[in-house]
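Novice: What follows is a predicted structure for the sequence shown.
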Amino acid sequence: MTEATHTAVFPVRDYDLAATLGSGQAFRWEGREDGWHGVVGSRPVRLLAEGGCLKAFSHTPQIEWGWLTEYLQTGLNLGAVLATFPADGPLGRAVAACRGLRLLRQEPWECLASFILSSTKQIVQIRQIVALLCERFGDSLAVDRGSSPVYSFPSAARLAGVSEADLRACKMGFRAPYLRETAAAVASGQVDLQALSGRSLEGARAELVRLPGVGPKIADCVLLFAYGFPAAFPVDVWILKALQELYFPKRRMSAARLRRFSETHFGPNAGYAQQYLFHYMRTQIR
């Protein structure tokens, strides 16, 4: 019988934990002196990168840790992914500056709801909205004595039954009815999020953009960060800026032409390339 443990160690190569958790993919991680504190599903966890390993600390004993290795994608061969990138200067500089950045594999409902709340917001603001939402409508989770309270992400059924006014009280503004209506669609089974993993990229995207508050960019974020569709390429203002300034500095390009360029230039792992460009633009170029 496997013994339950509070800690686990995962040997890794080319894994930048800070870049991965702080690059705008997920919004429930906080970097502190003793590591990164967050919640994966209903499990509060602290992560620390040290000596070629990721160390995990759980408040409750875990019999197995597959839920965390799947979320962190520790088994991915990053070198093989990077080898599919086009050999161009801007992407090469982005990889050199951010090497070790990984894509997480998140729970679909939490990812979808979080990115609905992300519209026109900065990352720090999204984190604040998500934290308020979890505190008010999530379940309290077991943590060590003396630790700050931690909450699960509220289910679609829970949020479908919350008033728009109560959602607006979480500082989400015009996004409140979108979140509530999408929660109702998911809770009622009108949209089966689990089934999307078996669809084509185009089919899954078409299903998501039917939901209130979900456009192509939010849909592609969910397809990339929750379902692992490698060719999903979310295009926001940062990516448009990156494509224009890094690839076409001497020629003004329309947003439509930049999107067409992104669809053909970056190869089968375009989503990974997008995240490198996004993080590079935010942290190195501005």
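Specialist: Sure, I can see it.

Novice: Not including adjacent chain positions, what is the nearest residue to residue 276?
Specialist: residue 94 (4.4 Å; Cβ to Cβ, 6 or more residues apart in numbering). Every C-beta, even on glycine, is put in place using the N, C-alpha and C of the backbone.

Novice: So that neighbour lies in a strand, does it not?
Specialist: No - under DSSP: H, G, I helix; E, B strand; the rest coil, residue 94 sits outside any strand and is assigned helix.

Novice: Need the pLDDT of it.
Specialist: Listed pLDDT for residue 94 reads 96.

Novice: Point out where the chain drops to low pLDDT.
Specialist: Low-confidence segments of the chain, defined by pLDDT under 70: 1-2, 286.

Novice: Where do the domain boundaries of it fall?
Specialist: Per the record, the chain has its domains at 5-76, 79-97+228-286, 108-225, by automatic domain parsing.

Novice: The residue nearest to residue 276 and residue 280 touch, don't they?
Specialist: Yes - the criterion here is Cβ atoms under 8 Å, and residue 94 meets it with residue 280 at 3.7 Å.

Novice: one step back: wait, what's in contact with the residue nearest to residue 276?
Specialist: Residue 94 is in contact with 276-277, 279-280, 284, counting by Cβ atoms under 8 Å, 6 or more residues apart in numbering.

Novice: Inside strands: which ones of these?
Specialist: Judged by DSSP state E, the subset of the contacts of residue 94 located in strands is empty.

Novice: I'd like to know which of those residues is nearest to residue 110.
Specialist: Using Cβ to Cβ, residue 279 comes nearest to residue 110 of the contacts of residue 94, at 20.9 Å.

Novice: so who does the closest one touch?
Specialist: 19, 23-24, 94, 98, 101.

Novice: In those, find the pair that's most separated.
Specialist: Across the contacts of residue 279 (Cβ to Cβ), the longest gap, 14.5 Å, separates 24 and 94.

Novice: what about the longest strand in the chain?
Specialist: What stands out as the longest strand in the chain, according to DSSP E, is strand 53-62.

Novice: what sits up against the very next helix or strand once past it?
Specialist: Per DSSP states H and E, the first helix or strand lying C-terminal to strand 53-62 is helix 66-72. Residues outside helix 66-72 that contact it (Cβ under 8 Å, 6+ apart): 8, 10, 20, 40-41, 43, 45, 47, 54, 56, 75, 102, 104-106.

Novice: Separate out the buried members of these.
Specialist: Using 16 or more other Cβ atoms under 10 Å as the burial test, the contacts of helix 66-72 include 8, 10, 20, 40, 43, 45, 47, 54, 56, 102, 104-106 as buried.

Novice: Now, the residues you listed that are in strands?
Specialist: Using DSSP E, the buried ones among the contacts of helix 66-72 in strands are 8, 10, 40, 43, 45, 47, 54, 56.
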